[in-house]
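Colleague: Sequence first, predicted model second:
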Amino acid sequence: ARDDAGKRAARDHGLDRLVSIHEMLAANAEEMELALTADDAERIVRAGKRISFISMENAAPLASDPTLLTAYHRLGLRMLGITHVRNNDFGDSSTDPAGPEWKGVSPAGRALVEQANRLGIVLDASHASDAVFDQLLALSKAPIVLSHTSADAIYDHPRNIDDARLRQLAAKGGVIHVNAFGGYLVNITKIPEREAAMDALSEKYGPESQLSVARVPDYLAERHVIEERFPMKRATFDDYMRHLLHILKVAGVDHVGIGADWDGGGGVAGMEDVSALPRITEALLAAGYTEKDVRKIWSGNLLRVIREAQAVASARR
């Protein structure tokens, strides 16, 4: 809900999640470390640890007070998605059944873009409508990203992006991270009983994006039971590679990354978890990409965007 109570609930959920991230990092300090810059990421890797960058997939927690973005930045936020599966106060979603509300970015969204640029926070257009994507490209002084999106040319879906926009993203220095969510990779026929069970699950737990940390395990367990009871056709690793190789051809190797979306239901047959990620590297090398190209895809391109966003911020101070 986007009334005052709903905005307060979204605010509280965002802050709760931010605290839980810092608690996780503190509890695993020997293995993980928060990165605030691209240089941090490279230093952390050299130290043999895992890197943690903090992002916000949906700007709804900021609706009650957009100036909270400054506090989030001080506490480590470095990437900001405008919308999620529904329109919000900042812009239109690509999947809201009600259709566009703002015809792109709202006035509050425009102010949020300016604030993100001033702070050096990378803007993310995944889940946003095509109009939001177009306007973010025009408004942002820094390159933007699509953190988990695939190709319309391979499977036409509202969550995917067309080739013309891929080229525009690349021309502005941005990066698309190719999504491994099966429903965006191939056409999967819906099962009515499964849909009804999933609707009931959503009714029980509320929006997935606003689940408390404590309720996530129970929610995922119940979702898994539904998935086991009503199995659906699954996208495969080859389907994923079709999207990735097409996007590389259109956008260029300097503008592509990997965005598996596992916490949102992603993963395909043959690539269910991180242990399978080397398959992507093997497939890229087999397709003729070099080790230098692969390094760009796995990290170099995103680190470049982070550096450019932070350079824009420094120039505006």
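Modeller: Great, that's in hand. Treat the numbers as computed from the prediction; the structure is a model and nothing was measured.

Colleague: Go through stretch 36-45 and flag the buried ones.
Modeller: For stretch 36-45, a neighbour-count test (16 or more other C-beta atoms under 10 Å) marks 36, 38, 40-41, 44 as buried. C-beta: built from backbone N, CA, C; applies to glycine.

Colleague: Show me which of those is closest to residue 61.
Modeller: residue 36 (19.9 Å; C-beta to C-beta).

Colleague: and the residue lying closest to residue 30 once chain neighbours are set aside, what does it touch?
Modeller: Excluding the flanking residues, the one nearest residue 30 by C-beta to C-beta, 6 or more residues apart in numbering is residue 49, at 7.7 Å. Residues in contact with residue 49, defined by C-beta atoms under 8 Å, 6 or more residues apart in numbering, are 30-33.

Colleague: Next step: those restricted to strands.
Modeller: Judged by DSSP state E, the contacts of residue 49 include 32-33 as members of strands.

Colleague: Report the buried members of the contacts of residue 49.
Modeller: Buried residues within the contacts of residue 49, counting neighbours by 16+ other C-beta under 10 Å: 32-33.

Colleague: Dump the contacts of residue 49 to CSV, plus distance to residue 17.
Modeller: Listed next are the contacts of residue 49 as CSV, based on distance: C-beta to C-beta, whole Å:
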residue, distance to residue 17
30, 23
31, 20
32, 16
33, 19
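
Colleague: Show me the two of the contacts of residue 49 that sit farthest apart.
Modeller: Farthest pair in the contacts of residue 49 (C-beta to C-beta) is 30 and 33. Separation: 9.4 Å.

Colleague: Which residues are in contact with residue 54?
Modeller: 18, 21, 34, 75-79.

Colleague: Buried ones only from these, please, as a PyMOL command.
Modeller: In PyMOL syntax, the buried subset of these is picked out as below (16+ other C-beta under 10 Å):
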select buried, resi 18+21+34+76+77+78+79
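
Colleague: Identify those among the contacts of residue 54 that sit within strands.
Modeller: Counted as lying in strands by DSSP E, out of the contacts of residue 54, are 34, 77-79.

Colleague: Ramachandran coordinates for residue 90?
Modeller: Per-residue torsions, residue 90: phi -110, psi -20 (degrees, to the nearest 10).

Colleague: cool, and residue 121?
Modeller: Dihedral angles of residue 121 (phi, psi; degrees, to the nearest 10) stand at phi -90, psi 130.

Colleague: returning to what we had before: would you turn the buried residues of stretch 36-45 into TSV with secondary structure, distance to residue 179 and pLDDT?
Modeller: Output for those, formatted as TSV (DSSP: H, G, I helix; E, B strand; the rest coil; distance: C-beta to C-beta, whole Å; pLDDT from 0 to 100):
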residue	secondary structure	distance to residue 179	pLDDT
36	coil	26	98
38	helix	23	98
40	helix	26	98
41	helix	22	98
44	helix	25	98
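
Colleague: what's the closest of these to residue 193?
Modeller: If you rank the buried residues of stretch 36-45 by distance to residue 193 using C-beta to C-beta, residue 41 comes first, at 44.7 Å.

Colleague: Residue 8 and residue 143, how far apart?
Modeller: 33 Å (C-beta to C-beta, to the nearest Å).

Colleague: Tell me which stretches of this structure form strands.
Modeller: Using DSSP E, strands in the chain cover 32-34, 50-52, 54-56, 77-81, 122-124, 145-149, 175-179, 256-259.

Colleague: Next, format these as a markdown table and append distance to residue 306 and mean pLDDT.
Modeller: As requested, those are exported to a markdown table (distance: least, C-beta to C-beta, whole Å; pLDDT from 0 to 100):
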| stretch | distance to residue 306 | mean pLDDT |
| --- | --- | --- |
| strand 32-34 | 14 | 98 |
| strand 50-52 | 11 | 97 |
| strand 54-56 | 11 | 98 |
| strand 77-81 | 7 | 98 |
| strand 122-124 | 6 | 98 |
| strand 145-149 | 9 | 98 |
| strand 175-179 | 10 | 98 |
| strand 256-259 | 12 | 98 |
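
Colleague: Is it possible to get TSV of the ones you listed that adds distance to residue 265?
Modeller: Shown next, in TSV, are the strands of the chain (distance: least, C-beta to C-beta, whole Å):
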stretch	distance to residue 265
strand 32-34	24
strand 50-52	22
strand 54-56	18
strand 77-81	16
strand 122-124	18
strand 145-149	11
strand 175-179	10
strand 256-259	13
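
Colleague: Can you give me the pLDDT of residue 209?
Modeller: At residue 209, the model reports a pLDDT of 67.

Colleague: Share the number of residues neighbouring residue 208, please.
Modeller: 17 (other C-beta atoms under 10 Å).

Colleague: Hmm, residue 216 and it touching each other?
Modeller: No - assessed by C-beta atoms under 8 Å, residue 208 is found out of contact with residue 216, at 9.1 Å.
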